[in-house]
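Visitor: have a look; sequence and predicted model below, questions after that.
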Amino acid sequence: MNESLTNAIIAVDGGGTRCRVALDDGRARHMVETGPANVSTDFDGSVAQLVAGLDQLAQKAGVPVAALHPLPAFLGLAGIIGEDIRTRFRNALPLTTLRVEDDRPAALRGALGQRDGVVAHCGTGSFFASQIGGAMRFAGGWGAILGDQASARWIGREALRVTLDCIDGLRDRTPLADRLLTDLDGHPGIVRFARHARPSDFGALAPLVTEYADTGDAVALDVMASGAAEIATLVPQMGWVPGMAICLTGGIGPHYARYLPRAMQAALIAPEGAPMDGALALAREFARENADERR
């Protein structure tokens, strides 16, 4: 092995938007970014992005790419939903000493570091995770149809649903409802939009909801309060107790802070780091475990 890589590790943080690949030898860190890597939606593309990332990483570090292949590697990737796809993906890569997980463990470790706590991750989708006494636990992440409570997609869909309640006379119209009706060409347009919208299309409406909630719009406030109620229900089910840290992550997560119960608001902390920080920490742990097994 190249002497400069004796203590080196590789970490990967891959998702539907981009894939980051990092090399850390304890003294220097190199990182590159390639395209989307969701293993379930595009298996071959994800393999190609990771292989391209390794090539770029080797060039950046000034080492042959083959020198990276035996290094301990932790891969946190969107779309690892079962053992079959995990094994298939592992076997498709040139890396020989690797642990492949979905993208949640790296996000959890990155947000909390080593401390006990619960993460509510609310981006386009959502998941909930806890780290208590060194044990990780996960819930959610089952996608737009069966899950994604309190996600940006969920907020957008709820805003449209409540706007249709306004059309039915079940509640008073508000500026947000009027805005959505105007932007989407009335209630027929809302129905057409919802029929064909992707999760990201619904999610794109979430910033509008948070914007109007800040002005006191009743529809927007009700939607945000409903999402916060989902979080307030699920967080204790993940093992949270008053005094334990809660971290709200993702593009929409932090917007829920003021809608949570006071005890939860008091427990909120900022993320310690990013998912890549978590992936690097888990890669280092994997390297130690691998070294212990060889002794």
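Guide: Right, received. Where do you want to start?

Visitor: residue 84 - that's part of a helix, no?
Guide: Yes: Residue 84: assigned to a helix according to DSSP: H, G, I helix; E, B strand; the rest coil.

Visitor: what's the separation between it and residue 40?
Guide: Remark: distance between residue 84 and residue 40 (Cβ to Cβ, to the nearest Å) = 11 Å. Yep, even glycine has a C-beta here, placed from its N, CA and C like the rest.

Visitor: looking at these two, which is more packed in?
Guide: Taking other Cβ atoms under 10 Å, residue 84 and residue 40 do not tie; residue 40 has more neighbours (16 against 8).

Visitor: by contact count, what packs against the host helix or strand of residue 189?
Guide: Element membership for residue 189, per DSSP states H and E: helix 186-196. Here helix 186-196 touches helix 152-167, helix 175-183, going by 3 or more Cβ pairs under 8 Å, 6 or more residues apart in numbering; DSSP states H and E.

Visitor: rerun at 6 Å
Guide: Contacting helix 186-196 under the criterion 3 or more Cβ pairs under 6 Å, 6 or more residues apart in numbering; DSSP states H and E is no other helix or strand.

Visitor: list the buried ones in that helix?
Guide: 187, 190, 193-194 (16 or more other Cβ atoms under 10 Å).

Visitor: so which residues make contact with the helix or strand harbouring residue 120?
Guide: Mapping residue 120 onto the secondary structure by DSSP H and E places it in strand 117-122. Strand 117-122 is contacted by residues 107-108, 111, 127-130, 150-151, 231, 235, 238, 240, 244-250, 252-253 when judged by Cβ atoms under 6 Å, 6 or more residues apart in numbering.

Visitor: inside strands: which ones of these?
Guide: Counting by DSSP state E, those place 127-130, 245-249 in strands.

Visitor: dump those residues to CSV, plus distance to residue 69 and pLDDT.
Guide: Supplementary listing: the ones in strands among the contacts of strand 117-122 in CSV, determined by distance: Cβ to Cβ, whole Å; pLDDT from 0 to 100:
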residue, distance to residue 69, pLDDT
127, 31, 93
128, 35, 97
129, 31, 97
130, 35, 98
245, 38, 98
246, 40, 98
247, 35, 98
248, 38, 98
249, 32, 95
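
Visitor: farthest-apart pair in these, please.
Guide: 127 and 245 (17.1 Å; Cβ to Cβ).

Visitor: higher neighbour count, those two?
Guide: Neighbour count, other Cβ under 10 Å: between residue 127 and residue 245, residue 127 has more, with 26 against 18.

Visitor: any idea how far that one is from residue 33?
Guide: The spacing between residue 127 and residue 33, counted by Cβ to Cβ, is 23 Å.

Visitor: over to residue 257?
Guide: According to Cβ to Cβ, residue 257 and residue 33 sit 29 Å apart.

Visitor: then residue 62?
Guide: In this view, residue 62 and residue 33 are 19 Å apart by Cβ to Cβ.

Visitor: what is the burial count for the residue lying closest to residue 9 once chain neighbours are set aside?
Guide: Nearest residue to residue 9 in three dimensions, chain neighbours excluded: residue 283, at 4.2 Å (Cβ to Cβ, 6 or more residues apart in numbering). Counted by other Cβ under 10 Å, the residues lying close to residue 283 total 27.

Visitor: residue 283: what's it in contact with?
Guide: Going by Cβ under 6 Å, 6+ apart, residue 283 touches 9, 11, 74.

Visitor: so which strand or helix has the nearest residue to the last one once chain neighbours are set aside?
Guide: Looking back up the chat, that one is residue 74. Nearest non-adjacent residue to residue 74, counting by Cβ to Cβ, 6+ apart: residue 283, 3.6 Å away. According to DSSP H and E, residue 283 maps onto helix 275-294.

Visitor: and the pLDDT for the residue nearest to residue 74?
Guide: You'll see residue 283 listed with a pLDDT of 97.

Visitor: thanks a lot, see you next time.
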